[in-house]
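>>> Sequence plus predicted model, see below.
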Amino acid sequence: MENLREFASSTNGDRWFLGTDDMSNSEVVLHRGNPSSGGHETVMAVSDFLDRRPFGPERGALVMLLADSLPGESGEVPVKPV
């Protein structure tokens with residue numbers, strides 16, 4: 001997993017990151033559970049994360065991060081490193 005960017009954390013210590021999967025080179029969400037519950041990590045496609053219900057504040061945080069990554073008024077397109 002590369003380029004991890006934390007976009008949300010909960011009061012109990014869970015954390016969510018947007019990253020790039022090494023094998024597929026696609027963007028994925030990594031959920032890292034709090035240490036007291038074992039720190040289990042779950043990786044899923046961004047689309048699967050956005051479709052999960054019920055929606056929580058971490059979904060809104062990811063939507064905002066993704067919106068900030070869109071091309072700006074200048075029309076510039078962000079380039080992903082290969």
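Nice, I can see it.

>>> Could I get the average pLDDT for the lengthiest strand in the chain?
The longest strand of the chain (DSSP state E) is strand 2-9. Throughout strand 2-9, pLDDT has a mean value of 93.

>>> Stretch 58-71 too?
90.

>>> Any chance you could give me that stretch in CSV, C-alpha atoms only?
Once non-C-alpha atoms are left out, stretch 58-71 reads as follows in CSV (Å, rounded to 0.1, in the frame of the first residue of the first chain):
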residue,chain,number,x,y,z
GLU,A,58,-15.8,9.0,7.6
ARG,A,59,-17.7,8.6,4.3
GLY,A,60,-18.3,12.4,4.2
ALA,A,61,-14.6,13.0,4.9
LEU,A,62,-13.6,10.7,2.0
VAL,A,63,-16.1,12.5,-0.3
MET,A,64,-14.5,15.8,0.6
LEU,A,65,-11.0,14.5,0.1
LEU,A,66,-11.9,13.1,-3.4
ALA,A,67,-13.6,16.4,-4.3
ASP,A,68,-10.4,18.3,-3.4
SER,A,69,-8.5,16.0,-5.7
LEU,A,70,-10.6,16.9,-8.7
PRO,A,71,-9.2,19.3,-11.3
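
>>> Show me what it is in contact with.
5, 7-8, 10, 16, 18, 29, 46, 49-50, 52, 77-78 (C-beta atoms under 8 Å, 6 or more residues apart in numbering). Every C-beta, even on glycine, is put in place using the N, C-alpha and C of the backbone.

>>> and with 7 Å instead?
The list of residues contacting stretch 58-71 from outside it, by C-beta atoms under 7 Å, 6 or more residues apart in numbering, reads 5, 7-8, 16, 18, 29, 49-50, 77-78.

>>> mind checking the SS state of V43?
In three-state terms, and counting by DSSP: H, G, I helix; E, B strand; the rest coil, V43 is strand.

>>> What separation is there between it and D68?
From V43 over to D68 the distance is 22 Å, taken as C-beta to C-beta, to the nearest Å.

>>> Great, nothing more from me.
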